[in-house]
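[1] Sequence and predicted structure, then a few things I'm wondering about:
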Amino acid sequence: MAVAEWLSIEVFDGAFAASVWQDSHGDALTEAAVSRGARYWQWHRHRWGVVLEILFDDDETPTTFRNLTGVRAALDAVPDPVNGLLVYRGRGGGAGASVPRRPRPLPMSGAAELQQCVDPVPRLALHPPAATYPLN
């Protein structure tokens with residue numbers, strides 16, 4: 001008995017918007033998935049990019065789909081070819097995360113977290129606090 005398997009493709013914005021990539025390659029990816037027996041597919045647009053979730057009938061078909069020449073060409077054309085693509089089994093960014101993703105800080109000055117400064121020598125007060133003395 002075959003078990004249905006999800007495949008997720010997340011594409012992040014880069015040199016151009018991931019939605020532009022979806023407009024260019026989305027129909028070809030969807031057609032390739034359907035021709036390989038996809039039971040369900042859905043696109044999700046987010047502020048950081050797009051996600052394609054595909055449900056296949058068995059666990060070998062996602063690998064066959066991913067190795068198709070047209071699919072590989074589309075994945076090679078993502079807006080950020082170095083850090084802008086995630087392909088994995090399971091449902092992806094459109095699955096309803098409880099906490100939304102936060103964009104990473106840009107690698108520039110001021111992007112690193114500042115360390116807390118600890119004063120090694122305690123500072124002495126110039127005037128000691130007023131003490132209350134009993135009156136006799």
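    The structure has been received and is ready for your questions.
[2] Residues contacting the longest helix along the chain, please?
    What stands out as the longest helix in the chain, according to DSSP state H, is helix 18-35. By CB atoms under 8 Å, 6 or more residues apart in numbering, the residues outside helix 18-35 that reach it are 9, 11-12, 41, 43, 45, 48-50, 52, 54, 56, 65, 68, 70-71, 74, 77-79, 84. Where C-beta positions appear, they are placed from N, C-alpha and C, glycine not excepted.
[3] Of all the residues in the next helix or strand after it, which ones are buried?
    If you walk from helix 18-35 toward the C-terminus, the next helix or strand you reach (DSSP states H and E) is strand 40-46. Neighbour-count burial for strand 40-46 flags 41, 44, 46 (criterion: 16 or more other CB atoms under 10 Å).
[4] Now distance to Y88 and pLDDT too, for the residues you listed, in JSON lines please.
    Formatted as JSON lines, the buried residues of strand 40-46 follow (distance: CB to CB, whole Å; pLDDT from 0 to 100):
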{"residue": "W41", "distance to Y88": "16", "pLDDT": "93"}
{"residue": "H44", "distance to Y88": "15", "pLDDT": "93"}
{"residue": "H46", "distance to Y88": "16", "pLDDT": "92"}
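[5] Closest one of those residues to F16?
    The nearest member of the buried residues of strand 40-46 to F16, counting by CB to CB, is H46 at 15.7 Å.
[6] Name whatever forms a beta bridge with the closest one.
    G49 (DSSP bridges).
[7] Give me the nearest residue to A74, chain neighbours excluded.
    Once flanking residues are discounted, A74 sits nearest to H25: 3.9 Å by CB to CB, 6 or more residues apart in numbering.
[8] rewinding a little: angle of the longest helix of the chain against strand 40-46?
    Inter-element angle recorded for helix 18-35 and strand 40-46: 170 degrees (by axes from the mean of the first three to the mean of the last three CA atoms, to 10 degrees).
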